[in-house]
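J.: Got a predicted structure here, sequence first:
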Amino acid sequence: MFQLPFPVRDANVSGGAGEFGELPEWDLSDLYTAEDAPELIRDLAWLEEECANFARDYEGKLAELDAAGFLACVLRNEKINGIAGRIMSYAGLRYYQLTIDAGRAKFLSDMQEKITNFTTPLVFFTLELNRLDDGVLDGLFAESAELARYKPVFDRIRAMKPYQLSDELEKFLHDMGVVGDAWERMFDETIAGLEFEVDGEQLNIEGTLNLLTDETRETRESAARELADVFGSNIKTFARVHNTQAKEKEIVDRWRGMPTAQTGRHLSNDVEAEVVEALRDAVVKAYPKLSHRYYELKRKWLGLDTLQVWDRNAPLPMEDKRIVGWDAARETVMSAYAGFDPRMAEIAEPFFTKGWIDAGVKPG
């Protein structure tokens with residue numbers, strides 16, 4: 001499930017017909033139908049029991065498993081992650097449908113706490129896996145092609161081996177994860193609850209950001225100044241969230257012995273630091289001949305003496321000003337996928353037909 005990466009203006013808040021046509025909303029019933037759905041209650045009970053059973057069956061025993069036993073272990077772990085991910089996807093998407101709803105926020109928090117508690121016994125798995133010699137895993141992969149399919153996953157887990165802490169500290173950090181998530185939710189809820197007034201119209205943040213692409217320069221400037229004013233009035237909250245999370249990351253990185261603040265992200269992205277640095281250096285080197293040149297051209301195209309920050313996303317004078325309706329946009333997307341490969345269109349189709357897109361802008 002995903003949300004369109006661009007703001008939509010003047011859409012009916014219920015997702016109904018408006019300037020862009022009939023806009024779809026998320027239908028989360030493919031996950032669960034309600035907070036108290038029998039399937040959700042069943043999965044929570046199964047997850048709690050299976051996590052405990054998994055730890056009982058495998059903790060301290062990974063080194064003794066043959067290829068078939070190791071594959072069975074991996075498949076059980078995969079199912080646990082799938083069910084936990086399904087629960088958190090439902091709780092998270094439902095929350096992001098209306099972040100200012102206290103009930104949805106509480107449900108998300110409750111699910112995060114439950115999943116964290118249930119999965120704490122599983123912390124041993126990656127720690128114990130990283131204690132195995134490379135030769136042991138290579139031998140298991142050689143015995144089982146099905147198990148060898150998971151080698152890239154094992155490689156990413158084992159990349160953390162040099163930065164692994166004691167079992168007790170790893171469990172502590174696992175349990176503390178809900179605290180960091182709470183700071184992120186506080187930021188999300190603050191952002192979603194902000195109100196802006198531009199030219200007498202009350203808007204949320206998406207509607208206000210959308211005005212930065214307006215044809216009229218005065219509207220863009222009004223929106224930019226209103227954004228700055230509202231953000232400024234909330235700067236203490238934003239600073240507290242940012243500084244707390246930055247300090248938390250610094251502490252964890254220091255304890256793990258990570259050489260730079262970027263190391264954890266590189267490991268997560270499975271990319272070498274040298275690759276990222278080469279990309280960064282190439283982009284920075286190209287600033288004068290790309291971005292600087294582009295903005296100078298844009299200043300001339302717009303007929304301005306000085307390009308201000310609110311002109312950065314202004315439409316160019318030669319741009320097509322027509323409104324693209326939802327049906328036409330869908331056809332453009334589906335045609336592009338089908339033109340690349342018919343299978344891509346088959347994958348994309350359910351997003352449009354099964355309610356996996358939430359397109360309209362709504363309060364919260």
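T.: Alright, I've got the coordinates.
J.: Could I get the contacting residues of Val178?
T.: Applying Cβ atoms under 8 Å, 6 or more residues apart in numbering, one finds that Val178 lies in contact with 109, 112-113, 116. No exception for glycine: its C-beta is placed from N, CA and C like everyone else's.
J.: Please spell out the ChimeraX selection for the buried subset of these.
T.: Listed next is the ChimeraX selection for buried residues among those, using 16 or more other Cβ atoms under 10 Å:
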select :109,112,116
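J.: Out of the contacts of Val178, which is nearest to Ile80?
T.: Lowest distance from Ile80 to these (Cβ to Cβ) belongs to Thr116, with 13.5 Å.
J.: name the element the closest one belongs to?
T.: Thr116 is part of helix 102-119 when elements are defined by DSSP states H and E.
J.: In that helix, which residues are buried?
T.: 104-105, 107-109, 111-112, 114-116, 118-119.
J.: Now render those residues as TSV, adding distance to Leu98.
T.: Compiled in TSV, the buried residues of helix 102-119 are given as follows (distance: Cβ to Cβ, whole Å):
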residue	distance to Leu98
Arg104	6
Ala105	9
Phe107	11
Leu108	11
Ser109	15
Met111	16
Gln112	17
Lys114	21
Ile115	21
Thr116	24
Phe118	26
Thr119	27
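J.: nearest to Asn210, of those residues?
T.: Arg104 (24.6 Å).
J.: give me every residue that touches the closest residue to the closest one other than its chain neighbours.
T.: Among residues not flanking Arg104 along the chain, Tyr95 sits closest, at 4.7 Å (Cβ to Cβ, 6 or more residues apart in numbering). Neighbouring residues of Tyr95 by Cβ under 8 Å, 6+ apart: 101, 104-105, 107-108, 185.
J.: State the mean pLDDT of the one helix or strand Tyr95 maps to.
T.: Following DSSP H and E, one finds Tyr95 within helix 67-97. The pLDDT scores in helix 67-97 average 96.
J.: list the buried ones in it?
T.: Buried-residue list, helix 67-97, by 16+ other Cβ under 10 Å: 67, 70-71, 73-74, 77, 80, 83-84, 86-88, 90-97.
J.: There's contact between Ala182 and Lys106 in this structure, I believe.
T.: No: in this structure Ala182 lies outside contact range of Lys106 using Cβ atoms under 8 Å: 11.9 Å.
J.: can you tell me how far the residue lying farthest from the centre of the chain sits from Thr216?
T.: Here the chain reaches farthest from its C-alpha mean at Asp305, the gap being 39.7 Å by Cα atoms, centre = their mean. Here the criterion is Cβ to Cβ, to the nearest Å. By it, Asp305 lies 18 Å from Thr216.
J.: Equivalent analysis for Arg293, please.
T.: 26 Å.
J.: cool, and Ile235?
T.: Ile235 is 28 Å from Thr216, by Cβ to Cβ.
J.: ok, now Thr237?
T.: The gap separating Thr237 from Thr216 is 32 Å, by Cβ to Cβ.
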